[in-house]
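Peer 1: Curious how this folds, go ahead:
(chains A and B)
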Amino acid sequence: MAKVHVTTTINGEPMEFLCEPNDTMLDALRGPLGLTGSKEGCASGDCGACSITIDDRLVCSCLMLAVESEGHEIRTIEGLAQGERLHPLQQKFLEMAALQCGICTSGMLVASDALLKKHPDPSEEEVRFWLAGNLCRCTGYDKIVRAVMETAAEMRAQ
Amino acid sequence: MTELRYLAPDTLDEAVGAFAKAGSAARILAGGTDLLVQMRSGVLKPGVIVDIKKIPELTAIEQTTDGGFRIGAAVSGMALAEHETFGKVWPGVLEAVNLIGSKQVQGRASAGGNLCNGSPAGDSVPAMVAAGAIVTVQGQDGRREMKVEDVPAGPGRTNLKPGEILVSFTLPPRPPGSSDAYLRMIPRTEMDIAVVGCGVSLTMKDGVVTSARVGLGAVAPTVLLVEDAAKALIGSRLDDAALAKAASACSAACRPIDDKRGTIAYRTKVAGVLLKRTAAIAAQRAQGK
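Peer 2: The predicted structure follows:
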């Protein structure tokens, strides 16, 4: 199968890669691009572990073809921290133990970041609905929801 | 494995040409939230994928000159939610579209895909039927318009001709005192497929219903327009007798299947219950309450 050449922007940096036409964005991220922070849980858009943004829009990278990223702006979990400085969400997830095995964590962080950019002051209900597409089998969600609420409050205070 | 070609034309003419040329091997890619799952599971092995998201008309939300709306077939649920006025005029259509999957799915999935997927349980379809949406389709013989309720042909099938592409939905202008609502019954609160879905659009004057349309989903091989339910509502003040009559009409229209989500008896009863609840919400909105 002839490989396709794709030019895109990932976490603010221009990138080029080769992929098969039926590769998903998740395949490309974890393969040629070497960005393995996005996880494959279900590969059918149910679990959210592969969450990324395309042009600031939250999506599952398993439900998008890699070739569709041509000319668009992709952001992944690798773009969340500023160098060594963790994003407030990452810091708060650590402080409040909002993770256990970690498989869902990248997706939870990317989705939560997208939420706070759009709604800096979400209610608990809004957080729970927003994260309904991110499955966690360890924490029971409460710690995650509390960490997101707490981060939102701190970010608003700054 | 067959060779897959990915095409992302900038114009509808190019897309129609490529889609028709590739015949049954081709699939249209809008949000891809169903197509990619089907490809992954091996249910579908398309030879050509025609991505329609680079065609401006298919991703546009426009107000028509008469005050209606035209929504491109590939507009995502999130884009529709972000539109300044659409959700105020058509809250029922918007809430139906926004029930499709998670926020991640909302970022990609479109009402056009939901319709063309042909699922009897697609959430946006009963609301679009209630809204009286007209779809524009384009094929090699040009454009034509269809009522949205005429598009589904059965589970997984549509009445689009080979090579035709769904271009847009046109929603009519709203007289004062109009609104709509959509409710679905699912066993949980989020992220599930409708056991029954009900869309109601109403226009009211001085507390009396002057026009009504009712769409029902997941209770027959295709989404239904229930004209008898609308007739029972028109002319009424949505009193108990009128609602009971409309609910019976909904139950009578049901031809459901038994499956893990609900039995025939359950779906038939719930169709009537949902009609009453949905009409109440639409009426409240229509009267500005």
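
Peer 1: what helix or strand is the residue nearest to residue A:75 when sequence neighbours are not counted on?
Peer 2: In this structure, residue A:75 finds its nearest non-sequential neighbour in residue A:53, 4.5 Å apart by C-beta to C-beta, 6 or more residues apart in numbering or on different chains. No exception for glycine: its C-beta is placed from N, CA and C like everyone else's. Residue A:53 is part of strand A:51-54, with elements assigned from DSSP states H and E.

Peer 1: Nearest residue to the residue in the stretch 101-250 of chain B positioned nearest to chain A in space, please, no chain neighbours.
Peer 2: Using C-beta to the nearest C-beta, residue B:102 is the residue of the stretch 101-250 of chain B that sits closest to chain A, at 2.2 Å. In space, and not counting its chain neighbours, residue B:102 is closest to residue A:133: 2.2 Å by C-beta to C-beta, 6+ apart.

Peer 1: Tell me how many other residues crowd the one you found.
Peer 2: Other residues lying near residue A:133 total 24 when counted by other C-beta atoms under 10 Å in any protein chain shown.

Peer 1: Now for it: which residues touch it?
Peer 2: By C-beta atoms under 8 Å, 6 or more residues apart in numbering or on different chains, the contact set of residue A:133 is A:45-48, A:51, A:60, A:111, B:101-105, B:191.

Peer 1: can you list the residues you listed in TSV and add neighbour count and distance to residue B:136?
Peer 2: Listed next are those as TSV, based on neighbours: other C-beta atoms under 10 Å in any protein chain shown; distance: C-beta to C-beta, whole Å:
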residue	neighbour count	distance to residue B:136
A:45	26	28
A:46	20	33
A:47	24	36
A:48	28	34
A:51	32	34
A:60	36	29
A:111	27	35
B:101	27	25
B:102	27	29
B:103	25	29
B:104	33	29
B:105	24	25
B:191	15	31
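
Peer 1: Let's have these in a markdown table, adding distance to residue B:238, secondary structure and pLDDT.
Peer 2: Below are these laid out as a markdown table (distance: C-beta to C-beta, whole Å; DSSP: H, G, I helix; E, B strand; the rest coil; pLDDT from 0 to 100):
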| residue | distance to residue B:238 | secondary structure | pLDDT |
| --- | --- | --- | --- |
| A:45 | 39 | coil | 95 |
| A:46 | 39 | coil | 95 |
| A:47 | 42 | coil | 97 |
| A:48 | 40 | coil | 98 |
| A:51 | 43 | strand | 98 |
| A:60 | 41 | strand | 98 |
| A:111 | 40 | helix | 98 |
| B:101 | 32 | coil | 93 |
| B:102 | 34 | coil | 96 |
| B:103 | 34 | helix | 97 |
| B:104 | 38 | helix | 98 |
| B:105 | 34 | helix | 97 |
| B:191 | 32 | coil | 77 |
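
Peer 1: Which pair in these has the greatest spatial separation?
Peer 2: Spatially, the most separated pair among these is A:51 and B:191, at 14.6 Å (C-beta to C-beta).

Peer 1: Not counting sequence-adjacent ones, nearest residue to the residue nearest the centre of chain A?
Peer 2: Chain A has residue A:110 as the residue nearest its centroid, 3.1 Å off, counting by C-alpha atoms, centre = their mean. Distances taken as C-beta to C-beta, 6+ apart place residue A:51 nearest to residue A:110, at 4.3 Å, with adjacent residues excluded.

Peer 1: so that neighbour sits right up against residue A:62, yeah?
Peer 2: No - using C-beta atoms under 8 Å as the test, residue A:51 is too far from residue A:62 to be in contact (9.6 Å).

Peer 1: picking up where we left off before, which ones are touching the residue of the stretch 101-250 of chain B closest to chain A?
Peer 2: Residue B:102 touches A:45, A:48, A:60, A:132, A:133, A:134, B:191, counting by C-beta under 8 Å, 6+ apart.

Peer 1: picking up where we left off before, name all residues that make contact with the residue nearest to the centre of chain A.
Peer 2: Neighbours of residue A:110 in contact, by C-beta under 8 Å, 6+ apart: A:51, A:52, A:53, A:58, A:75, A:76, A:77, A:80.

Peer 1: Quick check: the fourth one is in a strand.
Peer 2: Yes - read with DSSP: H, G, I helix; E, B strand; the rest coil, residue A:58 is one of the residues of a strand.

Peer 1: count of residues packed around it?
Peer 2: 30.

Peer 1: Which strand or helix spans the nearest residue to it once chain neighbours are set aside?
Peer 2: Nearest non-adjacent residue to residue A:58, counting by C-beta to C-beta, 6+ apart: residue A:114, 4.1 Å away. Following DSSP H and E, one finds residue A:114 within helix A:105-118.

Peer 1: how distant is that helix from the center of its chain?
Peer 2: 6 Å (C-alpha atoms, centre = their mean, to the nearest Å).

Peer 1: what do you get for stretch A:82-100?
Peer 2: The answer for stretch A:82-100 is 14 Å, by C-alpha atoms, centre = their mean.

Peer 1: Quick one: residues in contact with that stretch.
Peer 2: A:80-81, A:105, A:108-109, A:112-113, A:116, A:138-139, A:143-144, A:146-148, A:150-151, A:154-155.

Peer 1: Now the residue nearest the centre of chain B. Nearest residue, chain neighbours left out?
Peer 2: Central residue of chain B (C-alpha atoms, centre = their mean): residue B:125, 2.1 Å from the mean position. Nearest residue to residue B:125, sequence neighbours excluded (C-beta to C-beta, 6+ apart): residue B:223, at 4.3 Å.

Peer 1: One more: residue B:228?
Peer 2: residue B:249 (3.7 Å).

Peer 1: which residues of chain A fall in strands?
Peer 2: Using DSSP state E, the strands of chain A run over A:4-10, A:13-19, A:51-54, A:57-60, A:73-75.

Peer 1: Next, count neighbours for residue B:12.
Peer 2: Residues near residue B:12, counting by other C-beta under 10 Å: 17.

Peer 1: how far away is it from chain A?
Peer 2: 19 Å (C-beta to the nearest C-beta, to the nearest Å).

Peer 1: likewise residue B:30?
Peer 2: Residue B:30 is 11 Å from chain A, by C-beta to the nearest C-beta.

Peer 1: check contacts around that residue.
Peer 2: Residue B:30 touches B:52, B:53, B:58, B:73, B:74, B:110, B:112, B:113, counting by C-beta under 8 Å, 6+ apart.

Peer 1: Thank you, goodbye.
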